[in-house]
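Undergrad: sequence-free structure coming up:
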């Protein structure tokens, strides 16, 4: 096992850090507190995945880009090696492909789409979403897969999502760190034992209530997983999304 010094250079693929766009920070002061926390947790790249769910949070695309640029400028006051990149957490609907095409929401790099579902969505509809995205040359990344009722009931269904071209993301806090609802923690750790997780993200919203916690999860991985799988989650698979197209 590698040295247990705190890890740095971590990538957060799921973070709500742009102020005033969703249920994340209300203002730039809250954003700064969250960014400083993330930096202290060893995170050096953050995808700013504000919710795209027009029924609850509606903002024009230009507002997203304005806030992204403002937060990118703010990071220079924290550290020059903290990078903020665009993205969206996109709630699945029939408008998904159209919203991606017209710029209402944004994929991550390399056409990865961070996709959120209703908690009780039937599993066949999740599979249908994989088909729709892959048919349009996107790469679905299922957000916080441990939260969905069908996956909690049968974690092995994740294999079918992966066989259909999907990748799965689990929240760091669901594995270790801040208290998580028991069904989410149990499901996340079962997926971990089955080596079924691809990507981690903090899903941070606020520095206190939903923090940018990463080190506790990394410690858990390095204690309870094989070294190869721990570093696959922490370094190798993130590199597939992060590398330049």
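TA: Cool, the structure landed. Keep in mind the model is a prediction, meaning the values are calculated, not measured. Numbering: from 1, shown residues only.
Undergrad: Low-confidence ranges, the protein, go.
TA: Applying pLDDT under 70 to the chain picks out residues 1-4, 244-245.
Undergrad: Residue 200 - that's part of a strand, no?
TA: Yes. The assignment for residue 200 by DSSP: H, G, I helix; E, B strand; the rest coil puts it in a strand.
Undergrad: In the chain, what residue spans correspond to strands?
TA: In order along the chain, the chain carries the following strands (DSSP state E): 10-15, 43-52, 83-91, 112-116, 139-142, 167-171, 199-201.
Undergrad: With distance to residue 180 added, can I get those in JSON lines?
TA: Just so you know, the C-beta spots here come from the backbone N, C-alpha and C atoms, and that holds for glycine as well. Formatted as JSON lines, the entries for the strands of the chain read as follows, by distance: least, Cβ to Cβ, whole Å:
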{"stretch": "strand 10-15", "distance to residue 180": "15"}
{"stretch": "strand 43-52", "distance to residue 180": "19"}
{"stretch": "strand 83-91", "distance to residue 180": "18"}
{"stretch": "strand 112-116", "distance to residue 180": "17"}
{"stretch": "strand 139-142", "distance to residue 180": "18"}
{"stretch": "strand 167-171", "distance to residue 180": "8"}
{"stretch": "strand 199-201", "distance to residue 180": "14"}
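Undergrad: Need those strands in CSV (columns: distance to residue 21 and mean neighbour count).
TA: Written out in CSV, the entries for the strands of the chain read as follows (distance: least, Cβ to Cβ, whole Å; neighbours: other Cβ atoms under 10 Å):
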stretch, distance to residue 21, mean neighbour count
strand 10-15, 12, 25
strand 43-52, 4, 24
strand 83-91, 10, 22
strand 112-116, 15, 24
strand 139-142, 20, 24
strand 167-171, 20, 24
strand 199-201, 17, 25
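Undergrad: Nearest to residue 22, out of these?
TA: Closest to residue 22 of these, according to Cβ to Cβ: strand 43-52, at 4.0 Å.
Undergrad: and the angle for the closest one with strand 112-116?
TA: Using axes from the mean of the first three to the mean of the last three Cα atoms, to 10 degrees, the direction of strand 43-52 lies 60 degrees away from that of strand 112-116.
Undergrad: follow-up on the earlier one: which one of the strands of the chain lies nearest to residue 188?
TA: Closest to residue 188 of the strands of the chain, according to Cβ to Cβ: strand 167-171, at 5.0 Å.
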